[in-house]
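Novice: show me how the following folds:
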Amino acid sequence: MNLYVLLIVSVVIIFVIGLVSSKFGIGKKVQNAPDFLKTIMVNISMTVCIALLFFNLPYSYFEFVRFMVLIGGIFNALVYTRYQRTASVLLSSIMVIMFNPLIPFSFDRSEWLKLDVLVLCALAVLTSLDFKELRVENKSDV
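Specialist: Residues are numbered from 1 along each chain as shown. Below you'll find the predicted structure:
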């Protein structure tokens, strides 16, 4: 159980750094880089949290993941709205609704695992789009 606690703490630290920090080395050259680096870090931390759901962890961890996805999804939706990325806003909003801890959906474990796979795919798409955005901005900045 200590390994799980260490992993959860490290994911929370990455998540908080992604939300709070605004200065990265690449961000000095590219105007929008800090925002996209934050979304990348938030997406990676949400991916790790959701991937751990495939293990037999206590229900309290699932509640923790619900709050992580809620906060991360809202943050990502706000950033994507600022840059008019409608599809990314839609994907983030769907994740927020599905993992909503205030009015939770109740599915069987097998159904949740299928949804988790879909959310992991959506996070992979969002992260790759953010990396692509960084590369495009870096090329135009040089």
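Novice: what about the helices in the protein?
Specialist: Secondary structure of the chain, counting by DSSP state H: helices at 2-20, 33-51, 59-82, 86-98, 109-141.
Novice: so of those helices, which one's packed in deepest?
Specialist: helix 33-51 (a mean of 21; mean count of other C-beta atoms under 10 Å). From N, CA and C alone the C-beta is placed, and that goes for glycine too.
Novice: how much space separates the residue nearest in space to the middle of the chain from Phe107?
Specialist: The residue lying closest to the centre of the chain (C-alpha atoms, centre = their mean) is Asn43, at 2.7 Å. From Asn43 across to Phe107, the span is 23 Å (C-beta to C-beta, to the nearest Å).
Novice: residues in contact with the closest residue to Phe105 other than its chain neighbours?
Specialist: Sequence neighbours aside, Met98 is the residue nearest to Phe105 in space, at 6.4 Å (criterion: C-beta to C-beta, 6 or more residues apart in numbering). Each residue near Met98 by C-beta atoms under 8 Å, 6 or more residues apart in numbering is listed here: Phe105, Leu115, Val119.
Novice: and which of those residues is nearest to Phe36?
Specialist: Phe36 lies nearest to Val119 out of the contacts of Met98, by C-beta to C-beta, at 20.0 Å.
Novice: returning to what we had before: among the helices of the chain, which gets the worst mean confidence?
Specialist: Mean pLDDT is lowest for helix 2-20 among the helices of the chain, at a mean of 61.
Novice: Phe99 reaches Arg66, doesn't it?
Specialist: Yes. Contact status for Phe99 versus Arg66: in contact at 4.8 Å, counting by C-beta atoms under 8 Å.
Novice: ok, back up a step: how about the nearest residue to the residue nearest to the centre of the chain, chain neighbours excluded?
Specialist: In space, Asn43 is closest to Thr127, 4.4 Å off (C-beta to C-beta, 6+ apart).
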